[in-house]
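>>> below are the sequence and a predicted model for it; my questions follow.
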Amino acid sequence: MSYRLHADAVTLRYQAQPVSENLSLAIPDGSFTAIVGPNACGKSTLLRALARLLTPDAGQVVLDGKAILSLPTREVARRLGLLPQSPTAPDGLTVAELVARGRFPHQGFLQQWSPGDETAVRAALDMTGTLSLAARPVAELSGGQRQRVWIAMVLAQETGILLLDEPTTYLDIVHQVELLDLLARLNTQGRTVVAVLHELNLAFRYASHLVAMKDGSVVAEGAPENIVSEAMIEQVFGLAALVQADPLTGRPMVIPRPRD
């Protein structure tokens, strides 16, 4: 198994508070990796470090065999796309203009907007069901629409690795499934997908590689069917639950037990 992206013994802080110490994690190439865990366990902090938005106090993140901090910003953006939590757009920007910003890493100093850029933007809008919104101001969209537009911008980058921090936020269940279906299709086409997810049963259904975190550490990782158990759910989430096979997919499914 090969790993284009990995964190080697990193120590991470968020707003001066310690989050993780000596944490190592390798993202399998071609995987759909879901990172799960309770709130404030370090999932988003880890994703920010993998995306070069956070500099580790110790250790390093490696992309394609080189320390990610040593690579030019534009070069990183050609290889790795990121959807952070709660992104914000400049005032007055239309949907098409926002998604077009995903093409900036591919623009040279003298290179003009190309037919290839136009095709990439249109394809990203189409894949996310936002083509009909292209002319609308981003500020006028609902939360769910805005989230799909941001995902379209990341897709327009056409990177081999996608990092998404809670991409189903603001989406109803229909659009959650549509988005995860889209990410699964992109994964089967060769993209490596890494997503922080809160809905466990959706994470278990779609992920080929699962990372469970608690208190800044990786508690378990591997294929969901190999690592998800009632004991693991209790250890990571403090939740008494029944784990059984999903009748449609055979993947693990968690059913919380009544606290009474």
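Now that the structure is in, tell me what you want to look at. Numbering: from 1, shown residues only.

>>> from memory residue 240 sits against residue 234, does it?
Yes. Contact criterion C-beta atoms under 8 Å: residue 240 and residue 234 qualify, at 6.3 Å. C-beta: built from backbone N, CA, C; applies to glycine.

>>> so who does residue 130 touch?
Contacts for residue 130 (C-beta atoms under 8 Å, 6 or more residues apart in numbering) come out as 95, 99, 145, 148-149, 152.

>>> repeat that for residue 199.
Residue 199 neighbours (C-beta under 8 Å, 6+ apart): 168, 176.

>>> make it 7 Å
Neighbour list for residue 199: residue 168 [criterion: C-beta atoms under 7 Å, 6 or more residues apart in numbering].

>>> distance of it from residue 253?
12 Å (C-beta to C-beta, to the nearest Å).

>>> and residue 189, by the same measure?
Noted for residue 189: a distance of 27 Å to residue 253, by C-beta to C-beta.

>>> so these two - more neighbours on which side?
Of the pair residue 189 and residue 253, residue 253 is the one with more neighbours under other C-beta atoms under 10 Å, namely 19 against 7.

>>> how about the more buried one: what's its closest non-neighbour residue?
residue 246 (4.3 Å; C-beta to C-beta, 6 or more residues apart in numbering).

>>> doesn't residue 254 make contact with that neighbour?
No. Look at residue 246 against residue 254 with C-beta atoms under 7 Å: they stay out of range, at 9.9 Å.

>>> those two: which has the busier surroundings?
residue 254 (18 against 13).

>>> pretty sure that one sits in a strand.
Yes. Judged by DSSP: H, G, I helix; E, B strand; the rest coil, residue 254 forms part of a strand.

>>> any idea what it is bridged to?
Per DSSP bridges, the residues bridged to residue 254 are residue 243.
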